[in-house]
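S.K.: Quick one: sequence and predicted model below, then my questions.
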Amino acid sequence: MIAKNEFSNLEFVGVTKSKRQDYFIYKSRNYYLILSYKNDSPSGNFNLVDTKAIEYVYNNFRGEKAITSKKLLTASRKKVHKKYISGRFDALNILYILCAIRKAKIDKRYKKREIKFNIS
């Protein structure tokens, strides 16, 4: 990946509002860029997610209700596909991106610490 080529034409996709912060999602040709920052600080984080990872999760977990990042990680390992999801944060980023592109929603019925998603 050449960053100059990949990120010269970013397209804003949307925002996912989570319990503690907002995630800003941008798309390039082959990757999604997910940005987050805390309101009380000028610093933040960013992660890249392969567009193929989004397609993989959507195609294999469509229709799942109340899925967590932990469940997604475990289920993807059972399907022998660790390439896209190597940890819980990878899974969580994918779920946030799916929300931004309107293929998933955060299930607000659950008030516990763990966030649950419904993949449409």
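M.R.: Arrived safely, thanks for sending. Numbers count the residues shown, from 1 in each chain.
S.K.: give me the low-pLDDT residue ranges for this protein?
M.R.: 1-2, 79-82 (pLDDT under 70).
S.K.: who touches residue 88 in this structure?
M.R.: Counting by C-beta atoms under 8 Å, 6 or more residues apart in numbering, residue 88 makes contact with 69, 70, 73. Heads up, the C-betas are built off the backbone N, CA and C, glycines and all.
S.K.: Next SSE downstream of the helix ranked longest in the chain?
M.R.: The single longest helix within the chain, with elements called by DSSP state H, is helix 88-100. Downstream of helix 88-100, the first helix or strand assigned by DSSP states H and E is strand 104-106.
S.K.: Against which helices or strands is that next one packed?
M.R.: helix 88-100, strand 117-119 (3 or more C-beta pairs under 8 Å, 6 or more residues apart in numbering; DSSP states H and E).
S.K.: Quick check: which of the ones you listed is buried the most?
M.R.: The highest mean neighbour count among those, using mean count of other C-beta atoms under 10 Å, belongs to helix 88-100: a mean of 23.
S.K.: which non-adjacent residue is nearest residue 51?
M.R.: Closest residue to residue 51 apart from its sequence neighbours, by C-beta to C-beta, 6 or more residues apart in numbering: residue 30 at 5.7 Å.
S.K.: Test my guess that that neighbour contacts residue 50.
M.R.: Yes - contact between residue 30 and residue 50 holds when scored by C-beta atoms under 8 Å: they sit 6.7 Å apart.
S.K.: neighbour-wise, which of the two wins?
M.R.: Legend: neighbour count by other C-beta atoms under 10 Å for residue 30 and residue 50, higher for residue 50 (16 against 12).
S.K.: What's the separation between that one and residue 90?
M.R.: For residue 50, the distance to residue 90 (C-beta to C-beta, to the nearest Å) stands at 10 Å.
S.K.: Thank you kindly, that will do.
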